[in-house]
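Undergrad: Below is the sequence, then the predicted model.
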Amino acid sequence: MDLPPEVQFLEDAGLLIYRPCGCLDETIINKILNVIGHLEARRKEPFNRFLDTLAADEVELNFRYVIHVSLYRRMTYKGRPRVKSAVLATDSSMIHFARLHALLTQGSPINVRVFQDRVEAAEWLEVPVELLGAEA
């Protein structure tokens, strides 16, 4: 699968990095959900996720959509190995939506945490912070 330019998959680290730019909306989220679903189906080993929202200058989501996505992810990932999903966000709307996603995925194998600091996210994901650095 050819990954979109804003997505990196670091096979050795077992880490998917997604750095959306511009407007973060349903179309963008659906796109990364398709990438994640494809990788989950193809790989035998679980992988963690890192969503860097700092380059997203606008958030056009709503609670209903975030609830739908969260419940969808709970169901599609049920019975699989635990994974970590770190969200780096400073925009208040993005933080609220990410926290809602974290709340709705509690108790599932998807452990979501929201960070405002890249170093803390790297420590939690147990990867060098350089892996999470913004692309050149």
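TA: Yep, that arrived.
Undergrad: Show the contacting residues for residue 51.
TA: Neighbouring residues of residue 51 by Cβ atoms under 8 Å, 6 or more residues apart in numbering: 18, 20, 32, 85, 86, 87, 88, 98. Every residue, glycine included, has its C-beta placed from N, CA and C.
Undergrad: swap in residue 50?
TA: Residue 50 makes contact with 15, 16, 17, 18, 85, 86, 88, 121, 125, 132, according to Cβ under 8 Å, 6+ apart.
Undergrad: ok, so of these, who is nearest residue 42?
TA: Nearest to residue 42, judged by Cβ to Cβ, of the contacts of residue 50 is residue 16 at 12.1 Å.
Undergrad: Quick check: neighbours of the host helix or strand of that closest one in the sheet, parallel or antiparallel?
TA: For residue 16, the element it lies in under DSSP states H and E is strand 15-18. Using DSSP bridges, strand 15-18 pairs in its sheet with strand 7-10 (antiparallel), strand 48-52 (parallel).
Undergrad: Quick check: buried residues in the helix or strand following it?
TA: In the C-terminal direction, the helix or strand that comes right after strand 15-18 (DSSP H and E) is strand 22-25. Judged by neighbour count using 16 or more other Cβ atoms under 10 Å, the buried positions of strand 22-25 are 24, 25.
Undergrad: Please export the C-alpha coordinates of strand 22-25 as PDB.
TA: The C-alpha trace of strand 22-25 is given here as PDB (Å, rounded to 0.1, in the frame of the first residue of the first chain):
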ATOM      1  CA  GLY A  22      -4.700  22.300   7.100                       C
ATOM      2  CA  CYS A  23      -8.200  21.400   8.000                       C
ATOM      3  CA  LEU A  24      -8.800  18.300  10.100                       C
ATOM      4  CA  ASP A  25     -12.200  17.100   9.000                       C
END
